[in-house]
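Undergrad: Next one to model:
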Amino acid sequence: MSDAIKHECGIALIRLRKPYQYYIDKYGTPLYGLNKLYLLMDKQRNRGQDGAGVAVIKIDVQPGIRYISRYRSTSSLAIEKIFKKIGKKFKLVKREHPDKLSDALWLKENVAFSGEVLMGHLRYGTHGLNTIENCHPFLRQSNWRSRNLVVAGNFNMTNVDELFGKLISLGQHPKERMDTVTVMEKIGHFVDEEVQKLFDFYKNEYDNQEITHIIENRMDIQRILHRSCRDFDGGYVMAGMLGHGASFVARDPNGIRPAYYYANDEIVVVASEKPAIKTTFGAEYSEIKEVQPGHALIIQKDGSYAEHEFIKPREKTPCSFERIYFSRGSDPNIYGERKKLGHFVVPQILESIDYDLENTVFSYIPNTAEIAFMGMIEQLEEYLVMQRKVTILEGFSLQPAFQDGFV
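TA: All right, here's what the predicted structure looks like:
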């Protein structure tokens, strides 16, 4: 199995749907995407403080130019450390080539992280070494652009050893047993097969450079995910970026781990929590959609996107730890569920204290229990109001009747 069941992480994916120059001209900065990624990660800081990572892909740069950039950190202030390091690159340009800050082509050719596809990850580990090697995103490299794969996830796989064995049976020799690396190599294997299949199909009609562009436009990511994930057993949300600029976020068939997305004509964004998307992009909750269980949001190289079923959905069983504790309570659904949780525990509380409210002190730990605490207090107050009413009108206590179905 991978990490302990209470392991949760946060993911963020942003796709800029228009040319990089568009954002410089409209927003007056080459940092529009990075600024939004920072906010999206900062607003999900509750999901992971053991480390963070960022990766960015540049679309359609010339051969010989690095087009995948990645930073990771295990610092207690990992988000700030990563973005400060990225920011130094642009400050250097401002100091030495100020006129180039508005030149998208020059930035893409000369400055790392000047890209259109951005991924962020927040790590919340519960066992093992907290080293840089444990931090997402993970990178699988190739000299073929479409075979490069960047992966970050929020997951628990119950059959990591089985998946590792399948890699060996394919003839591979994995250099690590880490769960994320195993998952990445599993997906990467079928990425390779998809690329090779398309190459073999077109090799007699086009030259190799032409085939490269055909492959990037015709890769069937839905099929790749179906073949890769059919052996996965557990709860997961997997975010991936391919070197040519396509990306995806795939959710397990039971919907155990959360994923939400929002899109307009400028961006497509995916995150683990709705409030982060709402406050970063000013979206209404009604505009933010849930990635359905067994489905993947697939964003093509050209910026088009759609949700596709890659594995048959099963009964939806969201992670209770996610709903009760991990997610921010500013999500309306989470808020309502936690208040109801507070309501539901009142009968057991009253029974455990023998209805002696006069000599009982109520509080809550940790801070995320505040909403459930409020629900509990509301229900206790309602109980007291009813007890006073019955006592006044009929002269007897309500205590025994409460347990029989007041809530």
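Undergrad: and stretch 106-125, what's its mean pLDDT?
TA: Averaging pLDDT along stretch 106-125 gives 94.
Undergrad: likewise stretch 370-389?
TA: 89.
Undergrad: what comes up buried for it?
TA: For stretch 370-389, the neighbour count (16 or more other Cβ atoms under 10 Å) marks I371, A372, F373, M374, G375, M376, Q379, L380, Y383, Q387 as buried. Any C-beta I mention is one placed from the backbone N, CA and C, and that applies to glycine too.
Undergrad: State the helix or strand in which the fifth one lies.
TA: Going back to what we said before, that points to G375. For G375, the host element (DSSP states H and E) is helix 370-394.
Undergrad: returning to what we had before: next, format the buried residues of stretch 370-389 as a markdown table and append distance to E309.
TA: Output for those, formatted as a markdown table (distance: Cβ to Cβ, whole Å):
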| residue | distance to E309 |
| --- | --- |
| I371 | 34 |
| A372 | 35 |
| F373 | 40 |
| M374 | 39 |
| G375 | 36 |
| M376 | 40 |
| Q379 | 41 |
| L380 | 45 |
| Y383 | 47 |
| Q387 | 52 |
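Undergrad: Just give me the closest of these to E394.
TA: Q387 (11.0 Å; Cβ to Cβ).
Undergrad: before we move on, what SS does E205 have?
TA: When classified by DSSP: H, G, I helix; E, B strand; the rest coil, E205 comes out as coil.
Undergrad: rewinding a little: so what secondary structure elements neighbour the helix holding G375?
TA: Helices and strands touching helix 370-394, by 3 or more Cβ pairs under 8 Å, 6 or more residues apart in numbering; DSSP states H and E, are helix 332-344, helix 346-352.
Undergrad: rank those helices by pLDDT, which is bottom?
TA: Mean pLDDT per stretch puts helix 332-344 lowest among the helices and strands packed on helix 370-394, at a mean of 86.
Undergrad: Residue ranges in the protein under the pLDDT threshold?
TA: Where the chain drops to pLDDT under 70, the residues are 1-8, 125-129, 323, 325-328, 395-407.
Undergrad: any idea where the helices of the chain begin and end?
TA: Secondary structure of the chain (DSSP state H): helices at 20-27, 32-42, 78-96, 104-110, 160-169, 179-202, 208-218, 221-229, 274-281, 320-321, 332-344, 346-352, 370-394, 399-402.
Undergrad: now the angle from the longest one to helix 332-344?
TA: Orientation check (axes from the mean of the first three to the mean of the last three Cα atoms, to 10 degrees): helix 370-394 against helix 332-344 gives 40 degrees.
Undergrad: go on, the third one?
TA: Here helix 78-96 runs at an angle of 160 degrees relative to helix 332-344 (the same axes, to 10 degrees).
Undergrad: now swap in the fifth one and tell me
TA: Computed with the same axes, to 10 degrees, the direction of helix 160-169 lies at 140 degrees from that of helix 332-344.
Undergrad: ok so, going back, in a markdown table: the helices and strands packed on helix 370-394, plus mean neighbour count and distance to T317.
TA: A markdown table is the format used below for the helices and strands packed on helix 370-394 (neighbours: other Cβ atoms under 10 Å; distance: least, Cβ to Cβ, whole Å):
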| stretch | mean neighbour count | distance to T317 |
| --- | --- | --- |
| helix 332-344 | 17 | 15 |
| helix 346-352 | 15 | 24 |
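Undergrad: now those helices in CSV, with distance to I299?
TA: Putting these into CSV (distance: least, Cβ to Cβ, whole Å) gives the following:
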stretch, distance to I299
helix 332-344, 25
helix 346-352, 46
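Undergrad: right, and the ones you listed - which one's nearest K274?
TA: Here helix 332-344 is closest among those (Cβ to Cβ), at 8.1 Å.
Undergrad: Skipping adjacent residues, who's closest to L149 in space?
TA: Spatially, and ignoring its direct neighbours in sequence, L149 is nearest to R140 (4.3 Å; Cβ to Cβ, 6 or more residues apart in numbering).
Undergrad: That neighbour - how many residues pack around it?
TA: The number of residues packed near R140 is 19, by other Cβ atoms under 10 Å.
Undergrad: State the distance from it to I298.
TA: Per Cβ to Cβ, to the nearest Å, R140 is found 18 Å from I298.
Undergrad: residues near I14, how many?
TA: Other residues within reach of I14 by the criterion other Cβ under 10 Å amount to 24.
Undergrad: In this structure K43 contacts T279, no?
TA: Yes: judged on Cβ atoms under 8 Å, K43 makes contact with T279 at a distance of 6.1 Å.
Undergrad: re the thing from before, would TSV of the helices of the chain with distance to S146 be doable?
TA: Output for the helices of the chain, formatted as TSV (distance: least, Cβ to Cβ, whole Å):
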stretch	distance to S146
helix 20-27	20
helix 32-42	22
helix 78-96	26
helix 104-110	19
helix 160-169	21
helix 179-202	5
helix 208-218	5
helix 221-229	11
helix 274-281	29
helix 320-321	37
helix 332-344	38
helix 346-352	57
helix 370-394	46
helix 399-402	64
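Undergrad: Looking at these, which is nearest to G53?
TA: When the helices of the chain are compared by Cβ to Cβ, helix 78-96 sits nearest G53, at 7.4 Å.
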